[in-house]
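K.L.:
Here is a sequence with its predicted model. Questions after.
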Amino acid sequence: MKFVQAANYTPVGNRKINLIVIHDMEAPEKSTTAEGCAAFFHNQPRSNNGSSAHYCVDNDSIVQCVHDMDVAWHAPGANHDGIGIEHAGYARQTREQWLDAYGKQMLGRSAKLTAGLCKRYKIPVRWMTAKGLQAGLRGITGHADVTAAYHRSTHTDPGPNFPKQLYLEIVRSELANLR
Ligand SMILES: [Zn+2]
């Protein structure tokens with residue numbers, strides 16, 4: 001996997017991972033979108049208002065931008081114990097748009113990544129809503145859920161039509177392949 005260090009992140013070097021946070025990039029479905037997002041994170045001026053995520057995913061590649069053991073700046077409230085994964089696409093997408101040919105390739109690639117992370121960090125494959133996050137439960141969640149739990153951001157990605165349950169199903173089947 002390609003690694004392009006983001007400019008803005010917190011070098012921690014060791015931490016407990018409790019959450020995987022799903023985002024979209026608000027960027028078009030292209031084969032260079034992951035690389036473009038990684039370059040955006042890399043080229044940002046260093047600033048307390050900067051942003052980053054651990055992984056950027058498009059239909060044909062994944063670029064890692066922050067090491068798992070360091071804190072990326074993607075979802076205030078869940079940054080210290082979360083891994084952020086960015087996806088090509090828009091929060092306004094319909095379910096059909098998430099599941100077009102490009103989307104299926106990308107979500108398959110992302111689910112395989114997430115399955116590996118769930119195995120490595122023993123994270124349960126279940127979707128955490130705001131209530132679960134507030135209760136301190138571990139799992140997979142969305143930026144919108146983190147926003148609803150902590151009100152420290154206004155972002156609502158990956159949007160209401162992101163196919164959460166289908167994504168979890170693909171993660172589960174990828175995880176079964178890893179066992
Ligand atoms: Zn986000």
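P.N.:
Structure's in. What do you need? Everything numeric here is computed off the predicted structure, so don't read it as measured data. Residues are numbered from 1 along each chain as shown.
K.L.:
which bits of the protein sit near the ion?
P.N.:
The interface of the chain toward the ion, taken as Cβ under 5 Å from the ion, is made up of 23, 143, 155, 157. Every C-beta, even on glycine, is put in place using the N, C-alpha and C of the backbone.
K.L.:
The third one belongs to a strand?
P.N.:
This points to residue 155. No. Under DSSP: H, G, I helix; E, B strand; the rest coil, residue 155 sits outside any strand and is assigned coil.
K.L.:
residues contacting it?
P.N.:
23, 75, 143-144, 147 (Cβ atoms under 8 Å, 6 or more residues apart in numbering).
K.L.:
returning to what we had before: please identify which of the residues of the chain next to the ion is nearest to residue 56.
P.N.:
Looking at the residues of the chain next to the ion and their distance to residue 56, the nearest is residue 23, at 9.4 Å (Cβ to Cβ).
K.L.:
Which is the succeeding secondary structure element to the helix or strand that the closest one is a member of?
P.N.:
Counting by DSSP states H and E, the element that carries residue 23 is strand 19-24. On the C-terminal side of strand 19-24, the closest following helix or strand by DSSP H and E is helix 33-43.
K.L.:
Now do that following helix and strand 19-24, the angle between them.
P.N.:
Inter-element angle recorded for helix 33-43 and strand 19-24: 110 degrees (by axes from the mean of the first three to the mean of the last three Cα atoms, to 10 degrees).
K.L.:
Which positions in helix 33-43 come out as buried?
P.N.:
Judged by neighbour count (16 or more other Cβ atoms under 10 Å), helix 33-43 contains these buried residues: 33-38, 40-41.
K.L.:
All set now, cheers.
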